[in-house]
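A.B. asks: sequence and predicted structure below; questions after.
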Amino acid sequence: MQLKTPKNKSRTGHGQSLIETMCAFFVLIPLGLVAIDLVAFVSSTQHNEQLAELAARAAATQFDLGGARKAAEDAVEHFQTTAVMTSVTIDEVKFDLGSGTCSVSTLMDVRLPVPFPFFNGANCRASSLQPIVSTPAPG
């Protein structure tokens, strides 16, 4: 004798798949948004490192600290800000003829494209050290 199950009691699993899919979206969507922020932040810090190196190279071609600061500020002035990289400033310029090096530090304000309540932006600092290439001759 075979037991028959009623047709209305059988389960197909469609409801369970829908719930599993919804739970996965609640996990995957925030991870995707965090990934977008992470890519924007890493890209901004790389731009800041390149800008600090460019400013240090420009400053290293000058004869004194005043000229070095002006050259570094001119290099940063041409930087185009974006919605993510809102501002860049020269934080510090060190011009040391004794060691023959010039150091420039930049400060970039980064605003993330997908702000979260606990983290919506940061200030990134980058420094670069370059050899002075225009040391005046002793007179």
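C.D. replies: The structure has been received and is ready for your questions. Numbering: from 1, shown residues only.
A.B. asks: tell me where this protein has strands.
C.D. replies: 85-96, 101-116, 119-131 (DSSP state E).
A.B. asks: wait, which of those is closest to Phe63?
C.D. replies: For the strands of the chain, proximity to Phe63 was assessed by CB to CB; strand 85-96 is nearest, at 9.2 Å. Using the backbone N, CA and C atoms, a C-beta is placed for each residue, glycine as well.
A.B. asks: which helices and strands does that closest one pack with?
C.D. replies: Applying 3 or more CB pairs under 8 Å, 6 or more residues apart in numbering; DSSP states H and E, we find strand 85-96 packed against helix 14-59, helix 65-77, strand 101-116.
A.B. asks: count the residues that sit near Gln131.
C.D. replies: Let me fix one detail, which is that residue 131 is Pro and not Gln. Residues lying near Pro131 (other CB atoms under 10 Å) number 12.
A.B. asks: follow-up on the earlier one: dump the strands of the chain to CSV, plus distance to His78 and mean pLDDT.
C.D. replies: Below are these laid out as CSV (distance: least, CB to CB, whole Å; pLDDT from 0 to 100):
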stretch, distance to His78, mean pLDDT
strand 85-96, 10, 93
strand 101-116, 13, 93
strand 119-131, 17, 92
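A.B. asks: single out the most deeply packed of those strands.
C.D. replies: Neighbour counts (mean count of other CB atoms under 10 Å) averaged over each of the strands of the chain peak at strand 101-116, with a mean of 19.
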